[in-house]
Every structure is written in C-alpha cells, then in structure tokens.
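Engineer: Predicted model follows, preceded by the sequence.
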Amino acid sequence: MELDHEEEVPYLEIYRERDRQLENAFAQVHAFQILEHAEPVEVDHEEEVPYLPMNEDQFLQAKQSMNAGQKEIFTLVTQSIQNQMSGAEERLKIFFTGGAGVGKTFLLKLLRDQINRCYAKDTVKVCSLTGVAARLINGATIHSTLNCLYRKTVA
Ligand SMILES: Nc1ncnc2c1ncn2[C@@H]1O[C@H](COP(=O)(O)OP(=O)(O)OP(=O)(O)O)[C@@H](O)[C@H]1O
C-alpha cells in the first residue's frame with residue numbers, strides 16, 4: 001500500500017526516534033562492557049560536580065511547571081517510592097529519553113530532589129558517560145562514581 005505524505009511523516013518520526021533510543025541503549029551497554037574489562041592503571045578521578053538541592057520554593061515551582069510528559073514520569077516514580085515505603089519489593093527501572101531541550105535534565109534534577117526528600121539527603125547518585133554531561137546534571141561520570149580504573153587514551 002502506498003502512503004501519502006501526511007501518513008508517512010509520523011511513521012518515520014517514530015521509527016527514527018526508536019532507532020535513536022536503541023542506539024543510545026546499546027552505547028550504554030557497550031560502556032559497561034568496557035568498564036567491566038578495564039585494565040588496572042593509574043587514573044585521575046574527577047571531582048563530583050557540587051549539587052545544591054532546591055529550596056522549598058524552587059522545588060514547588062519546578063513541580064508546578066512540569067509539562068504532561070514530565071508529570072507522567074514524576075508520578076510513576078513517586079508512586080513507586082510510596083509503594084516501596086509501604087513494603088513493596090518491586091523496584092522501578094525506567095529509561096526516558098527525548099530530543100534536545102525537551103526537559104530531561106529538568107526532570108532528572110526534580111526527581112533527584114524528590115527522592116532525596118523521601119529517603120535521605122544524598123540517596124541519589126547521578127552519573128553520566130562523559131564529564132561534560134556530568135557537569136550539566138551536577139553529577140559524576142560512571143567510572144568516577146564506581147571508582148573504576150580505566151586507561152586514558154591520548155590522541
Ligand atoms: N517544565 C519546565 N518548566 C520550566 N522550564 C523547563 C521545563 N522543562 C524544561 N525547562 C527548561 O527548558 C530548558 C531545556 O530543558 P533541559 O535542559 O531539561 O532539556 P534536555 O532535554 O535535558 O536537553 P538536552 O538533551 O539538550 O540536554 C532548560 O532551560 C530547562 O530549565
């Protein structure tokens with residue numbers, strides 16, 4: 001069956017988005033494989049980028065300004081926390097992604113504050129694959145967090 005232009009575009013968008021998500025997920029699995037087989041060498045450990053929790057006003061304001069997609073994920077996580085606090089053993093594993101500027105970092109920071117408020121300060125460890133990304137999310141690289149040894153390549 002031949003699709004006209006109107007029908008074809010949404011299909012391609014979804015396909016491209018899924019393709020990107022898979023690529024991202026495979027890149028992360030590959031990074032863990034590298035870390036598992038890292039060679040023991042001396043490394044410089046980066047400092048964790050300091051993180052200041054939001055104050056009450058900032059936290060409430062951020063919560064109120066969430067868009068529908070952010071709210072959906074936020075509710076899923078808070079619901080899961082409540083279930084855990086009531087004794088549920090099931091643990092939530094969630095992967096969210098999206099294009100540039102859609103609000104992933106905003107949501108991540110809000111979730112970190114929410115979880116730290118529910119449990120204890122510093123319960124959440126935020127990690128990334130690169131130092132640049134770590135700066136954006138006030139976190140640390142995975143290898144630094146896990147104190148992994150890795151070989152630095154000098155170009
Ligand atoms: N619900 C929101 N209310 C107010 N501002 C928001 C909201 N969501 C995102 N923003 C703002 O929009 C901008 C882009 O959001 P953010 O950095 O979270 O996007 P991102 O998906 O992490 O982008 P990238 O993938 O490019 O890093 C930021 O300035 C952020 O503070």
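Structural biologist: Structure's in. What do you need? Please read all numbers here as calculations on a predicted model, not as lab measurements.

Engineer: which residues of this protein score low on pLDDT?
Structural biologist: Low-confidence segments of the chain (pLDDT under 70): 1-20, 30-49, 148-155.

Engineer: can you do 90?
Structural biologist: Scanning the chain for pLDDT under 90 picks out 1-53, 81-82, 84-85, 90-102, 117-155.

Engineer: For it, list the residues in contact with the ligand, please.
Structural biologist: When proximity is defined as C-beta under 6 Å from any ligand atom, the chain approaches the ligand at Ser65, Met66, Asn67, Gln70, Gly98, Ala100, Gly101, Val102, Gly103, Lys104, Thr105, Phe106. Just so you know, the C-beta spots here come from the backbone N, C-alpha and C atoms, and that holds for glycine as well.

Engineer: Count residues in the vicinity of the nearest residue to the second one once chain neighbours are set aside, would you?
Structural biologist: This points to Met66. Leaving out its chain neighbours, the residue that sits closest to Met66 by C-beta to C-beta, 6 or more residues apart in numbering is Phe74, at 6.1 Å. Phe74 has 17 neighbouring residues, counting by other C-beta atoms under 10 Å.

Engineer: separation between Phe74 and the ligand?
Structural biologist: As defined by C-beta to the nearest ligand atom, to the nearest Å, Phe74 lies at a distance of 10 Å from the ligand.

Engineer: correct me, but that residue touches Leu111?
Structural biologist: Yes. Here Phe74 reaches Leu111: they are 6.7 Å apart, a contact under C-beta atoms under 8 Å.

Engineer: Let me see the contact set for Gln114.
Structural biologist: Listed by C-beta atoms under 8 Å, 6 or more residues apart in numbering, the contact set of Gln114 reads Phe74, Val77, Thr78, Ile81.

Engineer: residues in contact with Ala25?
Structural biologist: With the criterion set at C-beta under 8 Å, 6+ apart, Ala25 makes contact with Phe95.

Engineer: And the helices in the protein, which stretches?
Structural biologist: In the chain, the helices defined using DSSP state H lie at 5-36, 56-64, 68-85, 104-118, 131-136, 142-145.

Engineer: Please name whichever of those helices is nearest to Pro50.
Structural biologist: Among these, the nearest to Pro50 by C-beta to C-beta is helix 131-136 (10.6 Å).

Engineer: What residues of that closest one count as buried?
Structural biologist: Ala134 (16 or more other C-beta atoms under 10 Å).

Engineer: which residues touch stretch 53-63?
Structural biologist: Contacts of stretch 53-63 (C-beta under 8 Å, 6+ apart): Phe74, Phe106, Lys109, Leu110, Asp113, Asn116, Arg117, Lys121.
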